[in-house]
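**Student:** have a look at this fold, sequence not included:
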Ligand SMILES: Cc1cc2nc3c(=O)[nH]c(=O)nc-3n(C[C@H](O)[C@H](O)[C@H](O)COP(=O)(O)OP(=O)(O)OC[C@H]3O[C@@H](n4cnc5c(N)ncnc54)[C@H](O)[C@@H]3O)c2cc1C
């Protein structure tokens, strides 16, 4: 069958554009055979390929990527490798403390493995294990922070609270009224991380980029057309996340979303003085529909907000409109920087499921899949790819039950209700977020 949905990213991803230019891609241009083929060079695919190769050094593993690793959602994300479960802010999260603690342990296993890989291989990605600050700018946001603190208390997680004056000293801006520092997440330059992960694969992994899989005949053995060549293999790991439906699997079970980021040019000396504060910080909004902010040592400021539904996972359409919303969010926080424009604005494709379940396991004979991490795939995608690889080779981590329990993603509402539902939900959440956007 023809693969019905292919990635088509632009070159507006700030994280990648500020790095040195990439070398020419290694395009697949012949017929090859491989023991395992991993489709997709995001966090899930990179982890699965590495772990398969580590555990079976005599086997051949091919990682096949449609575009450039670093210009995918993984390299377009905001770089928070989050240890807490994403829904920790949700009402009722800590009601089941045993499960909540296991979710945190799962994410920490992802953070710790990435830490080991980054440091063993000397990957230069500005790795900082300094945690994240959840910050509020309104009474509603403060209420959300109190709920979050209550959830952390219930699962005996450490954190510290910070008042408006302390936040102003740290951030320069006086926009925020209250903050909660959770110390165990890691911050990185995400494009540098994924490029580094791909470049330091074990020797039995071959990485082909700019080689989209355009046709697949399911076996086993499976036959794939990719780039200018083809591959025959008994074992495929599908890690295409926002584009997985193109492979004819999970039809109407994944919700394709784009989320968006913008990055300023570097501040001048005068602008940095006018802002004050520390030169490196990371803010998660108290309200889930609010704005993520990072200030970087290279004096650039990053803004992320908005989720938009896109049936075709198209991250090009609508970017200028979203950049306008980002501008407003920036001006609200940084009125002392009226002339600091965005140099880059971009989107990245995700997939979510209605019931919050991800995919990790064998989905057809010799077809394995890892995807759908509900928007926080750095830690979760990494550990999902790692555990999937281990289970393929016969060993199963006890925490894997958190990834493959139940029946997987539930069926979407039929269209147009699915699309309308996502849009209404997004508008409702924006309205709820108010000034936190
Ligand atoms: C703006 C933004 C901010 C974000 N911030 C964070 C954050 O701070 N922390 C966090 O944890 N998460 C964040 N995320 C989410 C995170 O990026 C994703 O959860 C993560 O990238 C998912 O990893 P993945 O490997 O499943 O998918 P992807 O990173 O999307 O990788 C899938 C890969 O499959 C490839 N592919 C698809 N089809 C084909 C084909 N036919 N042939 C070959 N290759 C194919 C794609 O090109 C892509 O490289 C953010 C996302 C965005 C867009």
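**Tutor:** Right, received. Where do you want to start? Quick caveat: nothing in here was measured; it's all calculated off a predicted structure.

**Student:** please see if stretch 130-146 touches the ligand.
**Tutor:** No - contact of stretch 130-146 with the ligand (CB under 6 Å from any ligand atom) is absent, the minimum separation being 9.1 Å. Where you see a C-beta, it was placed from the backbone N, CA and C, and this is true even at glycine.

**Student:** could you work out the end-to-end span of that stretch for me?
**Tutor:** 22 Å (CA to CA, to the nearest Å).

**Student:** what do you get for stretch 23-30?
**Tutor:** Stretch 23-30 end-to-end distance (CA to CA) = 20 Å.

**Student:** what comes up buried for that stretch?
**Tutor:** 25, 28 (16 or more other CB atoms under 10 Å).

**Student:** residues in contact with that stretch?
**Tutor:** 64, 68, 206-211, 226-229, 231 (CB atoms under 8 Å, 6 or more residues apart in numbering).

**Student:** go again with 6 Å.
**Tutor:** For stretch 23-30, the external contacting residues (CB atoms under 6 Å, 6 or more residues apart in numbering) are 208-211, 226-229.

**Student:** among those residues, which ones are in strands?
**Tutor:** 208, 226, 229 (DSSP state E).

**Student:** does the closest residue to residue 2 other than its chain neighbours sit in a helix or strand, and which one?
**Tutor:** Leaving aside its sequence neighbours, residue 2 sits nearest to residue 215 (CB to CB, 6 or more residues apart in numbering; 5.7 Å). For residue 215, the host element (DSSP states H and E) is strand 213-217.

**Student:** how close does the residue of the chain positioned farthest from its centre get to the ligand?
**Tutor:** Here the centre of the chain is the reference, and by CA atoms, centre = their mean the most remote residue is residue 270, at 34.0 Å. Per CB to the nearest ligand atom, to the nearest Å, residue 270 is found 30 Å from the ligand.

**Student:** numbering from 47 from now on, please.
**Tutor:** All right, first residue 47 from here; so that's residue 316.

**Student:** now the phi/psi pair for that residue, please.
**Tutor:** phi -60, psi -40 (degrees, to the nearest 10).

**Student:** return the residues in contact with it.
**Tutor:** No contacts exist for residue 316 under CB under 6 Å, 6+ apart.

**Student:** what's the neighbour count on residue 418?
**Tutor:** Per other CB atoms under 10 Å, the neighbour tally for residue 418 reads 29.

**Student:** wait, it touches residue 405, no?
**Tutor:** Yes - Residue 418 is within contact range of residue 405, at 5.2 Å (criterion: CB atoms under 6 Å).

**Student:** count of neighbours near residue 56?
**Tutor:** Residue 56, neighbours per other CB under 10 Å, totals 12.

**Student:** how near is it to residue 145?
**Tutor:** According to CB to CB, to the nearest Å, residue 56 and residue 145 sit 40 Å apart.

**Student:** on that earlier part again, what pairs with the residue nearest to residue 48 across the strands?
**Tutor:** residue 48, residue 271 (DSSP bridges).

**Student:** make sure it is actually in contact with residue 273.
**Tutor:** No - in this structure, residue 261 is not within contact of residue 273 by CB under 6 Å, at 11.6 Å.

**Student:** neighbour count for the two, which is higher?
**Tutor:** Remark: of residue 261 and residue 273, residue 273 carries more neighbours, 22 against 12, as counted by other CB under 10 Å.
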